[in-house]
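# Can you look at this prediction? I've put the sequence above it.
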Amino acid sequence: MRLRVEFTTEPFDLDEAPAHAVVAREIVTSAELDAVDVGPFGNTAEGDADRVLTAVGALLRQSLEAGATRVSLQVNVIADGPQGDAAAHRGDAS
């Protein structure tokens, strides 16, 4: 099973990335996940369910320890394959 995680950490700081945001990004970029996309207002990553769930646990613990007061998180099951979710939305997923 493949999962996609979307998350943000708060509080926001538009001048520089807060420590909790840096920690969260480091976790997902080093977790051997696929299609990692980090940005100032939201982050996404996808990959094998075990790797995603392990990264999510570390992300929650470590970003809260680093000062996050809120972590918004969404996890979705996606079709297997590197472009599984896009194919499912087009209706041509096998």
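Okay, I see it. Residues are numbered from 1 along each chain as shown.
# all contacts plus neighbour counts: C-alpha atoms, from now on.
Fine.
# what are the ranges of the strands in this protein?
Assigned by DSSP state E, the strands in the chain fall at 2-10, 34-38, 43-48, 70-78.
# so can I have a markdown table of the ones you listed showing distance to Leu60 and mean neighbour count?
As requested, those are exported to a markdown table (distance: least, CA to CA, whole Å; neighbours: other CA atoms under 10 Å):
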| stretch | distance to Leu60 | mean neighbour count |
| --- | --- | --- |
| strand 2-10 | 9 | 20 |
| strand 34-38 | 16 | 17 |
| strand 43-48 | 14 | 21 |
| strand 70-78 | 7 | 14 |
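# Of all the ones you listed, which one comes closest to Val56?
Among the strands of the chain, strand 2-10 comes nearest to Val56, with 8.0 Å by CA to CA.
# Quick one: find the helix or strand in the protein with the lowest mean pLDDT.
Within the chain, no helix or strand scores below helix 84-90, which has a mean of 42 by mean pLDDT, DSSP states H and E.
# And Arg4, how far from Leu14?
With the distance defined as CA to CA, to the nearest Å, Arg4 ends up 26 Å from Leu14.
# Can I get stretch 52-65 as CSV, trimmed to CA atoms?
C-alpha atoms of stretch 52-65 as CSV (Å, rounded to 0.1, in the frame of the first residue of the first chain):
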residue,chain,number,x,y,z
VAL,A,52,5.3,7.1,5.5
LEU,A,53,3.8,6.0,8.9
THR,A,54,7.3,5.9,10.5
ALA,A,55,8.1,9.4,9.1
VAL,A,56,4.7,10.7,10.4
GLY,A,57,5.4,9.4,13.9
ALA,A,58,8.8,11.1,13.9
LEU,A,59,7.5,14.2,12.4
LEU,A,60,4.8,14.6,15.1
ARG,A,61,7.2,13.9,18.0
GLN,A,62,10.1,16.0,16.8
SER,A,63,8.3,19.0,15.4
LEU,A,64,6.3,19.4,18.7
GLU,A,65,9.5,19.1,20.6
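# for that stretch, which positions count as buried?
Val52, Leu53, Ala55, Val56, Ala58, Leu59, Leu60, Gln62, Ser63, Leu64 (16 or more other CA atoms under 10 Å).
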